[in-house]
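Q: Turn this into a model:
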Amino acid sequence: PQLLEAGGSVRWEAKIELAMHTGNVGSSFRKKLAAVAKQNPESMLVNELFIGDQRKITSTCKQLGLHLKGGFQQHKCFMKFADQCGYKYLLNSASIGYANKFKSLLLCGSVVIYVR
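A: Residues are numbered from 1 along each chain as shown. The predicted structure is shown next:
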């Protein structure tokens, strides 16, 4: 219920005009996403974050004002699920291990792009 509520909390017109991915960028697929984001910061944001980073990174991208800045950000901030739903386009890609975020992203009311 909380994910569904977060997904409906941002109107389409109010969503940020960036394609966004947040999470680990270790797989070859996600490294390509990061490279494209670095070259196209006006249209794409890749926010790299590792599972262990939650102990070190304590501010959200929104709190730091980095949620509107495209490009490739590494280990600077994290995104709450509701904040991820604030983007018009959400990128999903294969990971090194099991990636289970896809079904949650679909609840955002954003366009979810699965990148191979």
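
Q: mean confidence for the longest helix that the chain contains?
A: Using DSSP state H, we find that the single longest helix of the chain is helix 28-39. For helix 28-39, mean pLDDT rounds to 93.

Q: Specify the next element, helix or strand, located C-terminal of that helix.
A: Remark: after helix 28-39, the chain's next helix or strand is strand 44-48, criterion DSSP states H and E.

Q: Strand partners (parallel or antiparallel) of that following strand?
A: strand 16-23 (parallel), strand 71-74 (parallel) (DSSP bridges).

Q: Give me the buried positions along the next helix-or-strand element following that strand.
A: Going down the chain from strand 44-48, the next helix or strand is helix 61-64, by DSSP H and E. Neighbour-count burial for helix 61-64, counted by 16 or more other CB atoms under 10 Å, picks out C61, K62. From N, CA and C alone the C-beta is placed, and that goes for glycine too.

Q: can you check stretch 39-46 too?
A: For stretch 39-46, by 16+ other CB under 10 Å, it's M44, L45, V46.

Q: got CSV for those residues, with pLDDT and distance to Q84 too?
A: Output for the buried residues of stretch 39-46, formatted as CSV (pLDDT from 0 to 100; distance: CB to CB, whole Å):
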residue, pLDDT, distance to Q84
M44, 97, 14
L45, 97, 11
V46, 96, 13
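
Q: Run through the bridge partners of Q74.
A: Beta-bridge partners, per DSSP bridges, of Q74: E48.

Q: Next, work out how far apart it and N24 are.
A: Distance from Q74 to N24, counting by CB to CB, to the nearest Å: 11 Å.

Q: Ends of stretch 89-105, what's the gap?
A: Stretch 89-105 has its terminal residues 10 Å apart, counting by CA to CA, to the nearest Å.

Q: repeat for stretch 7-15
A: From start residue to end residue, stretch 7-15 stretches across 11 Å - CA to CA.
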